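> just need the structure, nothing else, for what follows:
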Amino acid sequence: MAEQSEENEKSEDPTQKRLDEALERGDVAKSQEVSTWFVLAGGTLMLMAFANSMGSTLKGTLAGLIANAHQIPTDGRGLLRLSSNIGVEVIAAVAIPILLVALFAIAGNVIQHRLVWSTESLKPKFSKISPAAGLKRLFSKIALLNFVKGILKIALLGTVMAMLLWPERSRLDTLVTLDVAAILPFTSIFALKMLGFVVVILAFIAAGDFFFQYRQWYEKQKMSLREIKEEFKQSEGDPMIKARIRRIRETRMRKRMMAAVPDASVVIMNPTHYAVALKYERGDNAPVCVAKGLDAIALKIREVAEAHDVPVVENPPLARALHATVEIDQEIPAEHYRAVAEVIGFVMRLRKGLRN
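Numbers count the residues shown, from 1 in each chain. Next up, the predicted model:
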C-alpha cells in the first residue's frame, strides 16, 4: 500500500510531452497582473506621445462646433450628419493610440506564453455551472491568496498616491480658484507623474505574480511515477510488447536461416559453440553467410546441415572470426577470403573425390 501511495503521489517534474499537452489544451501559466501592466504602461506611453495631438484635434473640432452652433441645422437629418462627422473626427484622433494599446494588451499575453489556438476552454463543463464547484473555487487557497494580493496591492498603491498628493495639498486647495486653462497643464503633468509611479510599482507586482502563477501551474503539471511509466509505455512502447515482437522476429529469422542451411556450400564450426553456414556459387564475388548461431542454434544448424549432406568443417578460429564479423545475407569480409577459399576448395575436392 505504501508503494502504491508513493507511485500515485505527484512528486515528479512533468515531462515535455505533458507540458506540450497542457499547452494544446490552453492550460498555460498566465498572470493577469502582467496583462494589466502592459495595458497600463501602453496607455501611459500613448498619453505621453499623443495627448497633445489628440487634444488639439478634439479642441479644434469642438471649437468649430461652438463657434458655428447657430448655423447647425436642427432637423433630424442635419443632426445625424453632425453626429457622424464628430464621430469620424473623434475616431480618427484616438484610433492610433487605441490600436497601439490593443497591441500592448496582446503583447502582455504573448510574452507569457506562445500563441495558443485551443477550443478546450469553450467546451461545456459541468464544473463551470456546478454550485458546489463554484463554492469550492470561491473558498479555495488560490482565491484567498488572490484576495490578500488584491488588498496588499490597493494598500501599496494607496500609500504611494497619498505620498504623491501630500506635498501638493496646498496647490490642490487653490485649483478651484483658477481658470480652467491654468488647471489643465497642472492636472495633466500630475496625472502622468502618478501614472508613471503606478507603472513602476505594478511592474514589480506583475513580475512577482507571474513567477507565483508559473510555479502554481508547474506544480499542477507534476506527475506521479505511475503516470510517467504509462507515458513511457505510450511513447516508447510497452516493454513486454517490444520483447514479444523481438522474440517473434528472432523466431522468424531462425526459421529463415534453417531453411537456407540445406542450400549452403559449407558449415564452419567451433564444435559446439559457433556455426556459420556459407553459400558460394560460381560467378559470385565472395561466399555469402546464410545462417549463423551460438550454442543451441549452432548445434541445430549442424543437425540440419548433416541431414541434407552439407559438409561441416571444424575450424574454431575461423568460425569465431566469421561469426563476429559477418551478418546474414552479407558477403564475408576480404580478410577472410583466403581462409574460406581453402575450406571451400577442400570441400569441392572432397566432393569430386566422392563422385569419382
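> which residues touch the one helix or strand F147 maps to?
Element membership for F147, per DSSP states H and E: helix 141-165. Residues outside helix 141-165 that contact it (Cβ atoms under 8 Å, 6 or more residues apart in numbering): R137, L172, K193, M194, F197, V198, I201, I205, D209, Q216. For every residue, glycine as well, the C-beta is placed using N, CA and C.
> and the residues you listed as CSV, adding neighbour count?
Below are the contacts of helix 141-165 laid out as CSV (neighbours: other Cβ atoms under 10 Å):
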residue, neighbour count
R137, 13
L172, 13
K193, 12
M194, 16
F197, 14
V198, 18
I201, 16
I205, 19
D209, 20
Q216, 13
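> the residues you listed in strands, which ones?
Using DSSP state E, no member of the contacts of helix 141-165 falls in strands.
> in JSON lines, list those along with pLDDT.
Output for the contacts of helix 141-165, formatted as JSON lines (pLDDT from 0 to 100):
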{"residue": "R137", "pLDDT": "65"}
{"residue": "L172", "pLDDT": "74"}
{"residue": "K193", "pLDDT": "82"}
{"residue": "M194", "pLDDT": "84"}
{"residue": "F197", "pLDDT": "85"}
{"residue": "V198", "pLDDT": "86"}
{"residue": "I201", "pLDDT": "86"}
{"residue": "I205", "pLDDT": "87"}
{"residue": "D209", "pLDDT": "86"}
{"residue": "Q216", "pLDDT": "85"}
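> name the helix or strand for the residue lying closest to E89 once chain neighbours are set aside, please.
Ranked by Cβ to Cβ, 6 or more residues apart in numbering and with sequence neighbours excluded, the top spatial neighbour of E89 is T61, at 4.9 Å. Assigned by DSSP H and E, T61 belongs to helix 32-67.
> and the next element down the chain from that helix?
helix 76-110.
> give the residue spans of this structure that score low on pLDDT.
1-9, 74, 76, 114-139, 180-181, 234-241, 244, 352-356 (pLDDT under 70).
> how does it divide into domains?
2-233, 259-355 (automatic domain parsing).
> on that earlier part again, contacting residues for the residue nearest to E89?
The neighbours of T61, taking Cβ under 8 Å, 6+ apart as the test, are I86, E89, V90, A93.
> write a ChimeraX command that selects only the buried members of the residues you listed.
A single ChimeraX command is used to select the members of the contacts of T61 judged buried by 16 or more other Cβ atoms under 10 Å:
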select :89,93
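> from the contacts of T61, pick the one nearest F38.
Sorting the contacts of T61 by distance to F38 puts A93 at the head of the list, at 23.1 Å, by Cβ to Cβ.
> quick revisit: and the angle for the helix holding T61 with helix 141-165?
50 degrees (axes from the mean of the first three to the mean of the last three Cα atoms, to 10 degrees).
> can you pull up the bridge partners for V266?
Going by DSSP bridges, V266 is paired in beta bridges with L278.
> same check, this time on the one 4 residues further on
Here N270 shows beta-bridge partners Y274, assigned using DSSP bridges.
> could you give the number of residues near it?
18 (other Cβ atoms under 10 Å).
> can you check the one 3 residues further on too?
A total of 15 residues lie near H273 under the criterion other Cβ under 10 Å.
> widest-spaced pair of the contacts of T61?
Pairwise distances across those peak at 10.7 Å for I86 and A93 (criterion: Cβ to Cβ).
> please report how far A22 lies from D209.
Plainly put, A22 is 20 Å away from D209 if you go by Cβ to Cβ, to the nearest Å.
> which ones are touching V266?
By Cβ under 8 Å, 6+ apart, the contact set of V266 is A277, L278, Y280, V310, P311, V312, V313, V343, I344, V347.
> quick one on the thing from earlier: mind listing what's buried along the helix holding T61?
33-47, 50, 54, 57, 61.
> do the same with stretch 152-161
L157.
> from the chain's centroid, how far away is that stretch?
Chain-centre distance of stretch 152-161: 38 Å, with Cα atoms, centre = their mean, to the nearest Å.
> before we move on, what about stretch 205-225?
On Cα atoms, centre = their mean, the centre of stretch 205-225 falls 16 Å from the chain's centre.
> restrict that stretch to CA atoms and write it as CSV.
What follows is stretch 205-225, C-alpha atoms only, in CSV (Å, rounded to 0.1, in the frame of the first residue of the first chain):
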residue,chain,number,x,y,z
ILE,A,205,3.9,43.3,-8.6
ALA,A,206,3.4,41.8,-12.1
ALA,A,207,6.8,40.1,-12.1
GLY,A,208,6.3,38.6,-8.7
ASP,A,209,2.8,37.4,-9.6
PHE,A,210,4.0,35.8,-12.9
PHE,A,211,6.6,33.7,-11.1
PHE,A,212,3.9,32.8,-8.5
GLN,A,213,1.4,31.8,-11.2
TYR,A,214,4.1,29.9,-13.1
ARG,A,215,5.1,28.0,-10.0
GLN,A,216,1.4,27.1,-9.3
TRP,A,217,0.9,26.0,-12.9
TYR,A,218,4.1,23.9,-12.9
GLU,A,219,3.1,22.2,-9.6
LYS,A,220,-0.3,21.4,-11.1
GLN,A,221,1.5,19.7,-14.1
LYS,A,222,3.6,17.4,-11.9
MET,A,223,3.3,13.7,-12.4
SER,A,224,3.3,10.6,-10.4
LEU,A,225,5.6,7.7,-11.0
